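**Q** Just the structure for this:
(one chain, ligands or ions: 1)
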Amino acid sequence: MMVPVAAATLSAVAMGVQAQTVLKIGYPTSPQSHYGVGSSTFCEEIKSGTEGRYVCEEFPNSALGGEREMIESVQLGTLDLVNTSTGPLGNFVPSVKIVDIPFLFRDYDHARKVMDGDIGEKLLDDMQERGLVGLAWTENGFRHMTNSVRPIVKADDAKGLKMRTMENKVHMDGYKTFGILPTPMAFPELFTALQQGTVDGQENPIPVILASKFSQVQDHLSLTNHVYSPAILILSPQVWNELSDADKKVFKAAAQKAATAQRKKVNDDEANGIAILRKDGMQVVEQVDGESFRQAITPAYADYAKEFGADNIRAIQAVQ
Ligand code: PAF
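**A** Here you go, the predicted structure:
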């Protein structure tokens, strides 16, 4: 909930001091992680762009709940902003689910072009009808599998592994075709579940694996790149509707800068993280047989085409 600070007292107004509004922003990982870098950039930008009339209070490390809970809070107006993956977002804005299809995006360049182009823009627009203001697509990254049982080189190796997934049916339907036993769970419960062996593994991008210190509880990492995980900065409409047109521009531009900074941190973690995780004791399979996963998932694509429309999937794949 936005909090106008006491500067708006009569005496302050008389002195020409402007009221300051503190916006609460929540995100799932640490302040040093990609989400932290993106969120802090956004906060610095709105502070300088509005000459201190808007500032943030940051709540990292899922302090305000899992991503689903934070999105719900933004929709209700009890939280002002969230920097979240799309994992649970499809439960609020169904059209967004399409971007969670495994093996939909070829690489970072392709994914970023789609999210920043007409398709991503249309999805941001769809959010308005659902009581959410999508400011810009940030980024979580391509997801990879970790587990404590065996190295995964081909799809068959994943068979029978109990893996924590996001609460996302599009992911789960795809992963079932690899023979995985998907176990949906909110992220804040995951470290303990891995530590206690409630699940054998999980899948997340390198920046998350690093920031969450999964090397302490997982032996194997396979660079499966099996799905791109977009992220997004979402603002509550209560705040948006109070902003002047000029401040709306500042917020949008700040979100773009946040996206650039967050994506750069994803790039840096991808470039440097594997060596760090190896040093921390993980066995890393870099040469994964991606074709075996793509073949396994073919039947799920028939269902995705029914749900999202074959043309819409092809339109994403066709972006160069
Ligand atoms: O696995 C998840 O739930 C997400 O990837 C995470 C770590 C919350 C970041 O968006």
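**Q** The longest helix belonging to the chain: which residues count as buried?
**A** As assigned by DSSP state H, the longest helix anywhere in the chain is helix 245-279. With burial defined by 16 or more other Cβ atoms under 10 Å, the residues of helix 245-279 counted as buried are 247, 250-251, 254-259, 261-263, 265-266, 269-270, 273-274, 277. The C-beta positions use only the backbone N, C-alpha and C, and glycine is treated the same way.
**Q** which strands and helices sit next to it?
**A** helix 34-49, helix 108-116, strand 133-147, helix 206-211, strand 220-235, strand 283-285 (3 or more Cβ pairs under 8 Å, 6 or more residues apart in numbering; DSSP states H and E).
**Q** what's the closest of those to Pro299?
**A** strand 220-235 (15.6 Å; Cβ to Cβ).
**Q** can you give me the angle the closest one makes with strand 133-147?
**A** In terms of direction (axes from the mean of the first three to the mean of the last three Cα atoms, to 10 degrees), strand 220-235 departs from strand 133-147 by 170 degrees.
**Q** With just CA atoms, put strand 220-235 into CSV.
**A** In CSV, the C-alpha atoms belonging to strand 220-235 read as follows (Å, rounded to 0.1, in the frame of the first residue of the first chain):
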residue,chain,number,x,y,z
HIS,A,220,24.0,-32.3,-10.3
LEU,A,221,23.3,-29.4,-12.6
SER,A,222,22.4,-30.0,-16.3
LEU,A,223,22.2,-27.1,-18.7
THR,A,224,18.9,-28.2,-20.2
ASN,A,225,17.7,-24.7,-21.2
HIS,A,226,14.2,-26.4,-21.3
VAL,A,227,12.1,-23.3,-20.9
TYR,A,228,12.6,-19.5,-20.9
SER,A,229,11.3,-17.8,-17.8
PRO,A,230,10.2,-14.2,-18.4
ALA,A,231,9.7,-11.8,-15.5
ILE,A,232,7.8,-8.6,-15.2
LEU,A,233,7.5,-5.5,-13.1
ILE,A,234,3.9,-5.1,-12.1
LEU,A,235,2.4,-2.0,-10.5
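**Q** buried ones in the helix or strand following it?
**A** With elements assigned by DSSP states H and E, the helix or strand that comes after strand 220-235 is helix 237-242. For helix 237-242, the neighbour count (16+ other Cβ under 10 Å) marks 237-240 as buried.
**Q** about what we covered before: want to throw the helices and strands packed on helix 245-279 into CSV with distance to Pro94?
**A** CSV is the format used below for the helices and strands packed on helix 245-279 (distance: least, Cβ to Cβ, whole Å):
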stretch, distance to Pro94
helix 34-49, 24
helix 108-116, 18
strand 133-147, 14
helix 206-211, 25
strand 220-235, 15
strand 283-285, 35
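**Q** what's the closest of the ones you listed to Met172?
**A** strand 220-235 (11.3 Å).
**Q** for that closest one, the distance to its chain's centre please.
**A** On the basis of Cα atoms, centre = their mean, to the nearest Å, strand 220-235 is displaced by 7 Å from the centre of the chain it belongs to.
**Q** Stretch 188-197 now?
**A** The answer for stretch 188-197 is 20 Å, by Cα atoms, centre = their mean.
**Q** Equivalent analysis for stretch 105-112, please.
**A** Centroid separation for stretch 105-112 versus its chain: 15 Å, with Cα atoms, centre = their mean.
**Q** Ok, stretch 312-320 next?
**A** 21 Å.
**Q** Repeat that for stretch 22-42.
**A** 12 Å.
**Q** mind checking the end-to-end distance for it?
**A** Taking Cα to Cα, to the nearest Å, stretch 22-42 runs 13 Å from one end to the other.
**Q** buried ones in that stretch?
**A** By neighbour count on 16+ other Cβ under 10 Å, the buried set for stretch 22-42 is 23-29, 33-42.
**Q** Go back to the buried residues of helix 245-279 and keep what's next to the ligand.
**A** Filtering the buried residues of helix 245-279 for proximity to the ligand by Cβ under 6 Å from any ligand atom leaves nothing.
**Q** what subset of the buried residues of stretch 22-42 is also close to the ligand?
**A** Restricting the buried residues of stretch 22-42 to those near the ligand - Cβ under 6 Å from any ligand atom - leaves Pro28.
**Q** how about the helices and strands packed on helix 245-279, which one is nearest Asn168?
**A** Short answer: strand 220-235, nearest of the helices and strands packed on helix 245-279 by Cβ to Cβ, at 9.5 Å.
**Q** avg pLDDT for that closest one?
**A** For strand 220-235, mean pLDDT rounds to 98.
**Q** Give me the sheet partners of it and which way each runs.
**A** strand 81-85 (antiparallel), strand 133-147 (antiparallel), strand 283-285 (parallel) (DSSP bridges).
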